[in-house]
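Enquirer: got a predicted structure here, sequence first:
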Amino acid sequence: MSTFLFDCDGVLWSGDTPLEGAPEALDMLRKKGKQIVFVTNNSTKSRVDCKKKFDTIGIAASVDEIFGSAYSTAIYISRILRLPRDEKVFVLGESGIEAELHSEGVSFIGGTDPDLRRDMQPSDYAGLASGAALDPAVTVVLVGLDFHTSYIKLATAFYYLRRPGVRFLATNVDATFPHSHGLFPGAGSISAPLITMIRSVNLELEPLPLGKPSQAMMDAIEGKFKLDRSRTCMVGDRLDTDIKFGIEGGLGGTLGVLTGVMREDDLLQAGKEGREKGPSAYLEKLGDLIAGA
Ligand SMILES: O=C(O)[C@H](O)[C@H](O)COP(=O)(O)O
Ligand SMILES: [Mg+2]
């Protein structure tokens, strides 16, 4: 293999703690001349934010090696969708999405706006229901992992989603977020209530994820890093994102690790039931790669 695509949460770290042997395994691959790309679905951080986390944790990385779901989504909106400059995105998510949209010149509202981190007032109900509180320029609703969800944010997103022609995008729809060796609400848990609400009013609208396993993301990565897919391996902790991303991308191989979401039983069960295909191989932890080197 000449290129390794590395997932981050659950492979390199759990929360802010590096996983045993991960820095050393990356160093070993770099010394062997391998190309390394970091492909994270965590949209709460921009590429620059991720680089700061790499530095804090002590893993060598450059901003150019980082390709997160917030960046993938921002380039999709600006370069594929070609959203007109006078249109806006309503964001449910953190500053990582905002920074990447800004880097692509895409206008947005919502996100970390402090005015949305408060209780609904009677005037909010009236303003949303009548449309008076809505920005006429919003034509896209984008949802990612949001640590500050609120009733008013969900209500506002719901009203934007009821607009004819609106686009419903997601940086990713991971059901859970691995942290401190546990599982917590993931980005998919932020879009789920919206899906329930839009289905209840008979709207045929599903979020289009632009992170793993989206092949729009794989195509963008292939273009930027000039991948030879047959000599590229995806390393991840999640079957329905990382491993699916690699398999559907026709990569040379996929490597699973059991330090994040995926458990060995999941692999055996998936294999038996022919659901999500399992990885080409798997390790207890990334650091075990060194033992086998
Ligand atoms: O809910 C989420 O957004 C994901 O669990 C999380 O951020 C995944 O990050 P990754 O494992 O792709 O680095
Ligand atoms: Mg992960």
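Expert: Structure received. Because the structure is predicted, anything quoted here is derived from the model rather than measured. Numbers count the residues shown, from 1 in each chain. Ligands and ions are numbered 1, 2, ... in the order given.

Enquirer: ok, is whichever strand or helix holds residue 49 in contact with ligand 1 or not?
Expert: Taking DSSP states H and E as the criterion, residue 49 maps to helix 47-57. No: residues of helix 47-57 contacting ligand 1 under C-beta under 6 Å from any ligand atom: none, with a closest distance of 9.1 Å. Backbone N, C-alpha and C define where each C-beta goes, glycine included.

Enquirer: and that helix, what's buried?
Expert: Buried residues in helix 47-57, counted by 16 or more other C-beta atoms under 10 Å: 47, 49, 50, 51, 53, 54, 57.

Enquirer: do the same with stretch 188-208
Expert: So for stretch 188-208, counting by 16+ other C-beta under 10 Å, buried means 188, 189, 190, 191, 192, 194, 195, 197, 198, 205, 207, 208.

Enquirer: least confident of those residues?
Expert: Ranked by pLDDT, those bottom out at residue 205 (92).

Enquirer: where does that residue fall, phi/psi-wise?
Expert: Dihedral pair for residue 205: phi -140, psi 120, per degrees, to the nearest 10.

Enquirer: wait, it touches residue 161, no?
Expert: Yes: at 6.3 Å, residue 205 counts as touching residue 161 under the criterion of C-beta atoms under 8 Å.

Enquirer: so what sits against both of those two?
Expert: 168, 198 (C-beta atoms under 8 Å, 6 or more residues apart in numbering).

Enquirer: confidence score at residue 244?
Expert: Taking residue 244 on its own, its pLDDT is 95.

Enquirer: which SS class is it?
Expert: The assignment at residue 244 comes out as helix when based on DSSP: H, G, I helix; E, B strand; the rest coil.

Enquirer: got it, and residue 160?
Expert: Once three-state DSSP is applied, residue 160 turns out helix.

Enquirer: please apply the same query to residue 173.
Expert: Assignment for residue 173 (three-state DSSP): coil.

Enquirer: coming back round to it: the helix holding residue 49 - what's its average pLDDT?
Expert: pLDDT averaged over helix 47-57 gives 97.
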